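Chemist: here are the coordinates; sequence isn't available:
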């Protein structure tokens, strides 16, 4: 019975097992149970059985419990054999947890981990990026030199992986391999160089960390990537931001000159001005001096780091603060003050580090933190180390302007119950008094008043501070010395008693009657005093014996005799030193004659300075700075170079996305003409260059240039005088110059010959080639009629017999503006894919392996959306309204930009002018190319030509901007009731954040924003079905999002589905051999991340949509919009 009761009582009281093991194993794991001593006890047996099970659910549960044990700090190494067997599991979740476990224990159980090397190598080829990264992580955790070649090969392959997550893991593995085999440094340098060139923000921080660990001295590897790192900084994860900023701080100190260097003249410049010889010399010297101008790359670093002061991570803010402290001009460092003050609201540990850095900065930069003086006031719940740091900062910030406020604050601190803090406050008062001479007397009076405090610590510290202050003005404070002498018996703090005795001995000539009496009293209690007091009693006796030997000689001998037999050898040695000097015998030494000079020499006043002053030698934010000692691995901050190194090493060649405007000519046969017979013969067909490939464009340009030169020579021969040639040359040059202005409006300038006005036709081969090249032109374009003044249009049928190939006009009146209307409607045949519009060589063609297969479900996509969004309401805009829409055309300024048409309408009767883009408030990484100001007078003037536009009457100039309107009027203002469509390009940086800016007129400014739907952030990417499937296999796991969508019965046909897809996203359909499967491919405009969409028609009422994308946020948002659109099929 007793035994049962014993077991039952402990079984009820013990807590449940943390490992989750049940049954008898749980009881046996309890040390308090009797079964703990059973011989057949087996630890974690239930977990091993679950891991050996054939069911993935049991294995997954066991792995979750094991990872939980590791998270709690419990040892699970004995489970290594059972866990490592599951590394070949086909269950993704189990495999992930197994790799997490192996990463933790691979270094401890290297022998067993080596048995799975082949499995890890196979996992490096796994389609799932998480598995590939986990395998590489485990492989790099096995610290065995034998597998260094395998690790090196795996890292080289991972660096070229499509997934940025795998490349990031490869960067983390590099320092591990380097620490295991430093001889591989040269090979690792090549790998690091590839990683540094990576443009993915996920990889940047890890690549820099690998660089810092392996080769921090190779600054040359940073040159080409410096500007890229600066621009990517705001998008890198917080851990990477800290690493990059610290590295760029050292880079800045080695590649740029000191921004705080002074080029001002010396103080004796005024004398030199009157001295002719010195003046000449100084002028010669000044020629070699150059005024400091900050390097643009230096400014780029400071500008890109500044937004990070708003980061939620204290380490990032601290990194930016130390960058500004060490690398920024003095007048710009103050921007970090507010951010540092914000960090003081965080945890106590964060407060301590931030205050330590502020204390160092406040020594040199008082003005920076003076506006935030109240933020450093001590709170009652602050820990002592925080209180002391705030006290240090308040003392550093003390000045004549705020000293009264600080002293009032100090008065409350002195009464604190924390004796250590009160004593530190008194020391702070002493520092303020020594630094600001105006308040020295007031501080002395306050400290004397504190001598009556009941707290002995306060009194003792007051005496010590008084002693230091009185050394500055020893002749003015006789009364204080007398007052301190009276307190010598009552004060019990050893340091205070020692300070009083030192003052009396040092200034004994000012208190000749009191000093001997104090020595008499101290001699009585000499034996019971502390050692520090005994030493000062000996010094007092020696000084009084020298200055007043009649009264104190016997007392001096008595004290010396007591000290001769003291237990402390320091006191005994002091007496042996003093006796020959003060009480010389018959054989007096030479030094005894100079005893007065030795003991009573004038002592310099102590300098009370901040203990943080010497910490400035260490870089802010480092461990060495916090502990005020050089820590292992600390890198000295380099000194500024005297001369700036060559800045061209950071230049990187960039291929400009635009093409020069050239003078071209368009030929047109009647059969190919877009125009009806009733239209004037002078009208030329407006062609679209977006449909031709890049090779066709170059060939057309070359042929047009040859035709131009040939026709120019022919024209010259036909002319009777040379003046015509000069006129032609001048006109051509003028048109080219003006074409540069119209380049922003995507306008092409063409020059027509007199022969064309006479409607003569040429049968040359060049003309036929041009006609054939224009057969693929769009058939739906708006028309602009161009007529010569006072010249009737001739019959259309006479054109075929009189047309010639000349490209140069003979009169300015024969100039024709051939305006490009951009993308056309997709109703015509052949169908044009979005890739035809956005990429020169993306006309849809299937590869040879697909041509033999049936092509199901392929439809002509819709290219340009017709939905417009309101930008400015006509009521709030005072009669000015604006609408915008996305054109889905290629930007002429940058391939990363998205073109947006903005239509302005003046609903009032009065004209408006000066419509332009004002202040921009853009997210980091965004960029806007604003449209030219509406209201520019006479952008280009073409004589003897009238332009007719559907939206406006005859004016000086009608220019076409890509959009629905087709034409826009550029004149001195926007007339009443008129509309203008302009083009603006925006780089959204692959985000759906709004681009905020102002639309300004001469009288008002309107705050507006343009938000791009996720589908407009894409551009078509023409690929084959095989390439699509390969790419989709690599974008699985976290990069895949899917959903089942219910559609109305019978509405899941190809036309309806593809129409919804093209309405939502600017992508191209991929030809597929599967029935009821629709595939679409595209890329993000800014970063080129692949986006794949697969739609499967499951039955008449349900379809499945799958989105694969590197950017998980874009993939999720795109799927949501697709689901909304497809559900309305």
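Modeler: Arrived safely. Here the structure is a predicted model, which is why all the values come from computation and not from measurement. Numbering: from 1, shown residues only.
Chemist: who touches the closest residue in space to residue 987 that isn't next to it in sequence in this structure?
Modeler: Counting by CB to CB, 6 or more residues apart in numbering, residue 987 lies nearest to residue 927, which is 4.1 Å off, once chain neighbours are set aside. Using the backbone N, CA and C atoms, a C-beta is placed for each residue, glycine as well. If a contact means CB atoms under 8 Å, 6 or more residues apart in numbering, then residue 927 has 894, 897, 986, 987, 989 as its contacts.
Chemist: Then residue 550?
Modeler: Not one residue lies near residue 550 by CB under 8 Å, 6+ apart.
Chemist: how much space between residue 407 and residue 580?
Modeler: 49 Å (CB to CB, to the nearest Å).
Chemist: The two - which one has more neighbours?
Modeler: residue 407 (18 against 15; other CB atoms under 10 Å).
Chemist: packing partners for the lengthiest strand in the chain?
Modeler: In the chain, with assignment by DSSP state E, the single longest strand is strand 880-890. Strand 880-890 sits against helix 834-838, strand 869-872, strand 898-906, with contacts defined as 3 or more CB pairs under 8 Å, 6 or more residues apart in numbering; DSSP states H and E.
Chemist: Compute the inter-axis angle for the helix or strand following the last one and strand 898-906.
Modeler: On the C-terminal side of strand 898-906, the nearest following helix or strand under DSSP states H and E is strand 916-921. Computed with axes from the mean of the first three to the mean of the last three CA atoms, to 10 degrees, the direction of strand 916-921 lies at 130 degrees from that of strand 898-906.
Chemist: Strand 916-921 pairs with which strands?
Modeler: Next to strand 916-921 in the sheet, as set by DSSP bridges, lie strand 995-1000 (antiparallel).
Chemist: so how far is the partner strand off the chain centroid?
Modeler: Computed by CA atoms, centre = their mean, to the nearest Å, the separation of strand 995-1000 from the middle of its chain amounts to 24 Å.
Chemist: who's in contact with it?
Modeler: 871-872, 882, 914-923, 926, 928, 930, 986, 988, 1005-1012.
Chemist: Report the inter-axis angle for it versus strand 880-890.
Modeler: Computed by the same axes, to 10 degrees, the angle separating strand 995-1000 from strand 880-890 equals 130 degrees.
Chemist: Now residue 652: phi and psi?
Modeler: Dihedral pair for residue 652: phi -130, psi 130, per degrees, to the nearest 10.
Chemist: Report how many residues lie close to the closest residue to it other than its chain neighbours.
Modeler: Distance criterion CB to CB, 6+ apart; nearest residue to residue 652, sequence neighbours excluded, is residue 224 at 5.7 Å. By other CB under 10 Å, the residues close to residue 224 number 15.
Chemist: For residue 1128, which non-adjacent residue is closest in space?
Modeler: residue 1060 (7.6 Å).
Chemist: could you give me the average pLDDT of the helix or strand containing the one you found?
Modeler: In the assignment (DSSP H and E), residue 1060 maps to helix 1054-1064. Helix 1054-1064 shows a mean pLDDT of 85.
Chemist: okay, the angle between that helix and strand 880-890?
Modeler: Using the same axes, to 10 degrees: helix 1054-1064 against strand 880-890 is 120 degrees.
Chemist: other SSEs contacting helix 1054-1064?
Modeler: strand 1068-1070, strand 1077-1084, strand 1090-1097, helix 1112-1126.
Chemist: Can you give me the buried ones in it?
Modeler: 1054, 1056, 1057, 1058, 1059, 1060, 1061, 1062, 1063, 1064 (16 or more other CB atoms under 10 Å).
Chemist: just stretch 295-309 next, same as before
Modeler: 295, 297, 298, 301, 302, 304, 305, 306, 308, 309.
Chemist: Please apply the same query to stretch 385-397.
Modeler: By 16+ other CB under 10 Å, the buried positions in stretch 385-397 come out as 386, 387, 388, 389, 390, 391, 392, 393, 394, 395, 396, 397.
Chemist: Same question for stretch 615-626.
Modeler: Applying 16+ other CB under 10 Å to stretch 615-626 flags 615, 618, 619, 620, 621, 622, 624, 625, 626 as buried.
Chemist: Now render the residues you listed as a markdown table, adding distance to residue 155 and pLDDT.
Modeler: Output for the buried residues of stretch 615-626, formatted as a markdown table (distance: CB to CB, whole Å; pLDDT from 0 to 100):
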| residue | distance to residue 155 | pLDDT |
| --- | --- | --- |
| 615 | 40 | 84 |
| 618 | 34 | 89 |
| 619 | 31 | 89 |
| 620 | 34 | 90 |
| 621 | 31 | 89 |
| 622 | 29 | 90 |
| 624 | 32 | 90 |
| 625 | 34 | 88 |
| 626 | 35 | 90 |
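Chemist: which stretch among the helices and strands packed on helix 1054-1064 comes nearest residue 43?
Modeler: For the helices and strands packed on helix 1054-1064, proximity to residue 43 was assessed by CB to CB; helix 1112-1126 is nearest, at 40.9 Å.
Chemist: got a list of what residue 993 touches?
Modeler: Residue 993 neighbours (CB under 8 Å, 6+ apart): 923, 926, 1011.
Chemist: Point out where the stretch 1001-1129 of the chain drops to low pLDDT.
Modeler: 1049-1051, 1129 (pLDDT under 70).
Chemist: Could you say which helix or strand holds residue 253?
Modeler: Per DSSP H and E: helix 238-255 holds residue 253.
Chemist: by contact count, what packs against that helix?
Modeler: Helices and strands touching helix 238-255, by 3+ CB pairs under 8 Å, 6+ apart, are helix 201-214, helix 226-232, helix 296-305, helix 314-327.
Chemist: Go through those helices and name the closest to residue 974.
Modeler: Proximity to residue 974 (CB to CB) singles out helix 296-305 among the helices and strands packed on helix 238-255, at 35.8 Å.
Chemist: All the helices of the stretch 901-1050 of the chain, residue numbers only.
Modeler: Secondary structure of the stretch 901-1050 of the chain (DSSP state H, counting those that start in this stretch): helices at 1025-1034.
Chemist: on that earlier part again, which among the contacts of strand 995-1000 end up buried?
Modeler: 871-872, 882, 915-917, 922, 926, 928, 986, 988, 1006, 1008, 1010, 1012.
Chemist: residues contacting residue 244?
Modeler: When contacts are counted by CB under 8 Å, 6+ apart, residue 244 is found next to 204, 205, 208, 229, 233, 236.
Chemist: Of those residues, which is the nearest to residue 334?
Modeler: Looking across these and measuring by CB to CB, the closest to residue 334 is residue 233, at 21.4 Å.
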